[in-house]
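Sequence first, then the predicted structure, then my questions.
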Amino acid sequence: MAFDKMELRDIEVWDGNFAAAQALRQCQIDVVSAYPITPSTPIVEGYSKFLADNYIEGEFVMVESEHAAMSGCIGASAAGGRVATATSSQGFALMVETLYQASGMRLPIILNVVNRALAAPLNVNGDHGDMYLGRDSGWIQLDAYSPQEAYDLNFIAFRVAEDHEIRLPAMVHQDGFMTSHTAQGVHTMDDDTAYSFVGDFKPMNDMLDFEHPVTHGVQTEEDWHYEHKARQHNDLMTKVPTKIEEAFAAFEKLTGRKYNQVEKYDMDDADVAVVCMGTSVETAREVASEMREKGIKAGVVGLRVVRPFPFMEIAAALKDIKAIAALDRSSPNGAAGMLFNEIAGALFNTDSKALLTGYVYGLGGRDLTKKHLTDLYTELQANVDAGKVLTPLQQFIGVRGPKLAFL
Amino acid sequence: MANTGWDEFEIGAMLRTFEGEAGDTVGTLQEDRNYTQNSSFSASVADWRIEKPVFNKDFCIDCQFCWVYCPDISIISRDKKMIGIDMDHCKGCGICVEVCPTNPKSLLMFPEQADEESEIANWPAKETKEK
């Protein structure tokens, strides 16, 4: 069965969802098993439309829940297909049980997660609560800040995940609405070039290899479980970062677009830095440039790879910084924020004397404005000038009511 | 196998059924197949059982009911003749005894430690039905 190729302009005006759907089409996904949820629905809807219009040779499986969606992906992937789906928020939460199955079974499924707040109260807008929920699940997590990156990172995710030395599932994150529903210019690859980057799917221990029958999803108790989990962690810590770097390099060679595990902006001579993820990185970059005009040497660090956490790279990026703000867009609910803790851990045994503060912001789609970031950089500079942290270690940005700060 | 480290096995929660290629395995008998050590067929679960079926071939009519109904494929039948029971995989559920149509039954349940020869020697007599 032949399928048609699509003529694309060099630059198309796409939102993050459509960019991801186009990437799934160009990767020629064999099976998408999906259940719709705002704001990720247009990704799987897009795949379904491309399939109906004969731009893809594949299968779209409509299921009854996100738990079933990921279960369908697991079955299709174990059977030997190239598999992807998309979800958000509550759907992601319902998938969690199967996320651990997918990674433990070493199945290279790609999950587009359009980040959205977790209820209650119910909310369809973007924050990183769902992304944080997945961070111990054994998946690779890549974060896109724009539609262009949502497009590009899908190809990179397939290339890394499907490598036979890796064989781990990967999530491509983008911010709900701010990225997923905001149309921007996206530099495209033609269908043949895009497909050549990921190549034909190479199955491994697939169930449809009848000459080598296998049982997938076996049970192991105290005699074997620990070894499997240790192997998975080892591969995430030692093999994945190298493969990601190789994929980034190959992608730059192909398209000229350069990605890094830790994205640095104006960091070379910076005194103060904001570390954040998602669309906030772009806002912070703009504000950092404005702070430079005011005499504050401001920089931005964006986390491109959330898991495996680039421990050494983040320590290197921040080693000469005098004051650091870690911005978490998810309520830690009774602790310091994840980024605060990870950065503290990365810097603790180094010579860094940085003053580290944590900020919680943007829950449920609350805007992070340039004014917020201007005030934040000013606060960091005041810490540098005083030689100590003048504020509590954890503050909430942009929440109504009395100032909220802890620690 | 039991002593291999985290870096010595194939990745994934995956086990192989046969050593090498399956080939025409479907056309062979279980005892002739090249099962791996990981296959359930290679493992004995006899210690799960507290009661066992004993087979008395003197009354068996080879109807194959027990072979059809056994949920663990533990009735061994060759050329449609009942041979015995796979005691490595039988869980002692008693379904084979329940479906056995002969009088007396050709299969009866006994405690796991019962002696097979003496139980067969003392097999119950045919029940007479009152007309």
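Right, received. Where do you want to start?

where's residue A:369 relative to residue A:107, distance?
Computed with CB to CB, to the nearest Å, the distance linking residue A:369 and residue A:107 is 41 Å. (C-beta placed from N, C-alpha, C; glycine too.)

Please identify which of the two sits among more neighbours.
Shown here are residue A:369 and residue A:107; by other CB atoms under 10 Å in any protein chain shown, residue A:107 has more neighbours (26 against 13).

residues in contact with that one?
By CB atoms under 8 Å, 6 or more residues apart in numbering or on different chains, the contact set of residue A:107 is A:73-74, A:77-78, A:83, A:167, A:169, B:12.

Which one of those residues sits in the busiest neighbourhood?
In terms of neighbours by other CB under 10 Å, the contacts of residue A:107 top out with residue A:77 at 31 neighbours.

if I read this right, that residue contacts residue A:103, doesn't it?
No. Look at residue A:77 against residue A:103 with CB atoms under 8 Å: they stay out of range, at 11.3 Å.

what about the worst-scoring helix or strand of chain A on mean pLDDT, distance to the chain center?
Across the helices and strands of chain A, mean pLDDT, DSSP states H and E gives its lowest value to strand A:214-216, namely a mean of 92. Its chain's average C-alpha position is 30 Å from that of strand A:214-216, according to CA atoms, centre = their mean, to the nearest Å.

Check stretch B:101-112 too.
Its chain's C-alpha centre and that of stretch B:101-112 lie 15 Å apart, by CA atoms, centre = their mean.

If we go by neighbour counts, what in it is buried?
Neighbour-count burial for stretch B:101-112 flags B:105-109 (criterion: 16 or more other CB atoms under 10 Å in any protein chain shown).

neighbouring contacts of the least confident helix or strand of chain A?
By CB under 8 Å, 6+ apart, the residues outside strand A:214-216 that reach it are A:78, A:105, A:205, A:207, B:12-17.

Going by neighbour count, list what's buried in it.
Neighbour-count burial for strand A:214-216 flags A:214, A:216 (criterion: 16+ other CB under 10 Å).

Also stretch A:335-350?
Within stretch A:335-350, the residues scored as buried using 16+ other CB under 10 Å are A:336-340, A:342-344, A:346-347.

could I get those residues as JSON lines with distance to residue A:93?
Output for the buried residues of stretch A:335-350, formatted as JSON lines (distance: CB to CB, whole Å):
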{"residue": "A:336", "distance to residue A:93": "23"}
{"residue": "A:337", "distance to residue A:93": "20"}
{"residue": "A:338", "distance to residue A:93": "17"}
{"residue": "A:339", "distance to residue A:93": "21"}
{"residue": "A:340", "distance to residue A:93": "23"}
{"residue": "A:342", "distance to residue A:93": "22"}
{"residue": "A:343", "distance to residue A:93": "26"}
{"residue": "A:344", "distance to residue A:93": "27"}
{"residue": "A:346", "distance to residue A:93": "28"}
{"residue": "A:347", "distance to residue A:93": "32"}
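
ok, stretch A:68-76 near chain B or not?
No. For stretch A:68-76 and chain B, the contact criterion (CB under 8 Å from any CB of the partner chain) is not met; the two come no nearer than 10.8 Å.

quick one: that stretch to chain centroid distance?
21 Å.

And the contacts of that stretch?
Stretch A:68-76 is contacted by residues A:30-31, A:33-35, A:59, A:61, A:63, A:83-85, A:87, A:91, A:95, A:98-99, A:101-102, A:105, A:107, A:109, A:111, A:217 when judged by CB under 8 Å, 6+ apart.

CA atoms of that stretch as PDB?
What follows is stretch A:68-76, C-alpha atoms only, in PDB (Å, rounded to 0.1, in the frame of the first residue of the first chain):
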ATOM      1  CA  ALA A  68      -5.900   1.900  27.400                       C
ATOM      2  CA  ALA A  69      -4.200   4.300  25.000                       C
ATOM      3  CA  MET A  70      -0.800   3.700  26.400                       C
ATOM      4  CA  SER A  71      -1.600   0.000  26.900                       C
ATOM      5  CA  GLY A  72      -2.400  -0.200  23.100                       C
ATOM      6  CA  CYS A  73       0.900   1.600  22.400                       C
ATOM      7  CA  ILE A  74       2.800  -1.000  24.600                       C
ATOM      8  CA  GLY A  75       1.200  -3.900  22.700                       C
ATOM      9  CA  ALA A  76       1.900  -2.400  19.300                       C
END
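
Which parts of chain B are strands?
Secondary structure of chain B (DSSP state E): strands at B:14-16, B:51-55, B:75-78, B:81-85, B:107-111.

pLDDT (mean, whole number) over the third one?
Across strand B:75-78, the average pLDDT comes to 95.

Now list the buried members of the contacts of stretch A:68-76.
Applying 16+ other CB under 10 Å to the contacts of stretch A:68-76, the neighbour count classes A:30-31, A:33-35, A:61, A:63, A:83-85, A:87, A:91, A:95, A:98-99, A:101-102, A:105, A:107, A:109, A:111 as buried.

tell me the secondary structure for residue A:301?
At residue A:301 the chain is in strand, as set by DSSP: H, G, I helix; E, B strand; the rest coil.

check contacts around residue B:66.
Contact analysis of residue B:66 by CB under 8 Å, 6+ apart lists B:75, B:82, B:95-96, B:99-100, B:107.

sorry, back to before: export the buried residues of stretch B:101-112 as JSON lines, with columns for distance to residue A:8 and pLDDT.
Below are the buried residues of stretch B:101-112 laid out as JSON lines (distance: CB to CB, whole Å; pLDDT from 0 to 100):
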{"residue": "B:105", "distance to residue A:8": "74", "pLDDT": "97"}
{"residue": "B:106", "distance to residue A:8": "74", "pLDDT": "97"}
{"residue": "B:107", "distance to residue A:8": "70", "pLDDT": "98"}
{"residue": "B:108", "distance to residue A:8": "75", "pLDDT": "98"}
{"residue": "B:109", "distance to residue A:8": "71", "pLDDT": "98"}
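
any idea where the helices of chain A begin and end?
Shown for chain A, the helices assigned by DSSP state H span residues A:16-26, A:41-52, A:66-79, A:89-104, A:129-133, A:147-162, A:191-198, A:225-234, A:240-255, A:280-293, A:311-317, A:338-348, A:370-386.

Reformat these as a markdown table; add mean pLDDT.
Below are the helices of chain A laid out as a markdown table (pLDDT from 0 to 100):
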| stretch | mean pLDDT |
| --- | --- |
| helix A:16-26 | 98 |
| helix A:41-52 | 98 |
| helix A:66-79 | 98 |
| helix A:89-104 | 98 |
| helix A:129-133 | 98 |
| helix A:147-162 | 98 |
| helix A:191-198 | 98 |
| helix A:225-234 | 96 |
| helix A:240-255 | 98 |
| helix A:280-293 | 98 |
| helix A:311-317 | 98 |
| helix A:338-348 | 98 |
| helix A:370-386 | 98 |
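
how is the chain carved up into domains?
Chain wasn't specified; assuming chain A. Here the domain parsing of chain A from automatic domain parsing is A:11-255, A:264-406.

that answer is for a different chain, and I need it for chain B
B:1-43, B:45-121.

Just name the most buried of those domains.
Comparing the domains of chain B by mean neighbour count (mean count of other CB atoms under 10 Å in any protein chain shown), domain B:45-121 ranks first with a mean of 15.

spatially speaking, which residue is in the middle of chain B?
Nearest residue to the geometric centre of chain B (CA atoms, centre = their mean): residue B:74, 2.1 Å.

one step back: among the buried residues of stretch B:101-112, which one lies nearest to residue A:131?
Residue A:131 lies nearest to residue B:109 out of the buried residues of stretch B:101-112, by CB to CB, at 56.9 Å.

Check whether that closest one really touches residue B:92, as I assumed.
Yes. Assessed by CB under 8 Å, residue B:109 is found in contact with residue B:92 at 7.2 Å.

shared neighbours of these two, anything?
B:51-53.

will you turn those into JSON lines that also has distance to chain A?
Shown next, in JSON lines, are the shared contacts of residue B:109 and residue B:92 (distance: CB to the nearest CB, whole Å):
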{"residue": "B:51", "distance to chain A": "26"}
{"residue": "B:52", "distance to chain A": "26"}
{"residue": "B:53", "distance to chain A": "27"}
